[in-house]
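Undergrad: okay, predicted coordinates and the sequence, questions at the end:
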Amino acid sequence: MFTDTHCHLADLAFRLPEILTQAHDAGVSGFVVPATQPNDWQAVLSMNSVTGVRAVAVGLHPWFAENQGDFLADLATILVENPRVWVGEIGLDALIQIPKEIQLSIFERQILLAKQFNRPIIIHNVRSTALIVNTIKQLKFECGGIVHAFSGSIEEANILIKLGFKIGLGSLLLNPNAKKAHRAAIELPLEHVLLETDSPYMQPNHTNTPANVAKIAQIVAKSRQISLMDLAMQLEQNLLELLID
Ligand SMILES: [Zn+2]
């Protein structure tokens, strides 16, 4: 019924059967699984055979942007061999020590690969919206994707939507004090929204699981005064726009 459009199932592999059953019982039966670094690419690719996995993404997250050698060649090979694999998660993070120039160069090169192979991307954005928007525009990237764990303003979201991106709303909504996220859940155009957990992260002690998408969906449905069924149908429609058939 619902899809968790950002869950690190490969990091949960040791208790996957339990986690999938729990998600299924909560009405969460779809999953989009991103990678973060070359070390986890094969594990993420293997998630393709897990029931309910709608897409997997392979890429280099800005947190791991240093000392990765010639990762681009391997990424290109994976994209050639797997025509439905997305690129992600990639992006920019203003709160980490890795210099912006290094992050940007790695982000740009991965966008160009995604463009070359016509794949959506999953973006990690921490206080970097303007630079991300500029980069996407400059490189004329038009394959869209998801800006995950969105925490910016409605104005920023609308710029990203215009560039072909869906806005991933997620675990921030489980915190009643996350005002911006709650405002986004009410005000963003519903046809450009997706729900996600970023599990196992974003909750204390890595306890987050995809089943929490059911809670997030309840919060969104309630704040928008729509039924869970209508919400599920719209979200599915949104995801289908991105999936490669
Ligand atoms: Zn993530």
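TA: All right, it came through fine.
Undergrad: any stretches of this structure with poor pLDDT?
TA: Within the chain, no range satisfies pLDDT under 70.
Undergrad: now with 90?
TA: Scanning the chain for pLDDT under 90 picks out 12-14, 66-70, 151-152, 180, 202-206, 245.
Undergrad: quick one, strands of it?
TA: Listed in chain order, the strands of the chain (DSSP state E) span 2-4, 28-34, 53-57, 87-93, 121-126, 145-148, 165-169, 193-195.
Undergrad: next up, the contacts around the closest residue to residue 64 other than its chain neighbours.
TA: Nearest non-adjacent residue to residue 64, counting by CB to CB, 6 or more residues apart in numbering: residue 37, 4.0 Å away. Every residue, glycine included, has its C-beta placed from N, CA and C. Counting by CB atoms under 8 Å, 6 or more residues apart in numbering, residue 37 makes contact with 60, 61, 64, 68.
Undergrad: which ChimeraX command selects the buried ones in those residues?
TA: With 16 or more other CB atoms under 10 Å as the criterion, this ChimeraX line picks the buried residues out of those:
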select :60,61,64
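Undergrad: let me know the closest of the contacts of residue 37 to residue 28.
TA: Distance to residue 28, by CB to CB, is smallest for residue 61 among those, at 23.5 Å.
Undergrad: which residues does stretch 153-163 contact?
TA: Outside stretch 153-163, the residues touching it (CB under 8 Å, 6+ apart) are 129, 132-133, 136-137, 141, 144, 147, 150, 167, 180, 183-184, 187-189, 192.
Undergrad: please pick the buried ones from those.
TA: Among the contacts of stretch 153-163, the ones that count as buried (16+ other CB under 10 Å) are 129, 132, 133, 136, 141, 144, 147, 150, 167, 184, 188, 192.
Undergrad: how about the contacts made by residue 145?
TA: Residue 145 is in contact with 86, 87, 88, 114, 120, 121, 122, 123, 164, 165, 166, 242, counting by CB under 8 Å, 6+ apart.
Undergrad: hmm, residue 137 and residue 111 touching each other?
TA: No: at 11.0 Å, residue 111 does not count as touching residue 137 under the criterion of CB atoms under 8 Å.
Undergrad: show the contacting residues for residue 65.
TA: Contact analysis of residue 65 by CB under 8 Å, 6+ apart lists 98, 102, 103, 106.
Undergrad: quick one: the helices in this structure?
TA: Under the criterion DSSP state H, the chain contains helices at 16-25, 38-46, 71-81, 100-116, 129-138, 154-162, 179-187, 212-224, 228-242.
Undergrad: in TSV: these, plus distance to residue 4.
TA: Output for the helices of the chain, formatted as TSV (distance: least, CB to CB, whole Å):
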stretch	distance to residue 4
helix 16-25	7
helix 38-46	15
helix 71-81	23
helix 100-116	22
helix 129-138	23
helix 154-162	20
helix 179-187	16
helix 212-224	5
helix 228-242	11
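Undergrad: tell me which of those helices lies nearest to residue 9.
TA: Of all those, helix 16-25 sits nearest to residue 9, with 6.6 Å by CB to CB.
Undergrad: buried set for that closest one?
TA: Neighbour-count burial for helix 16-25 [16+ other CB under 10 Å]: 19, 20, 23.
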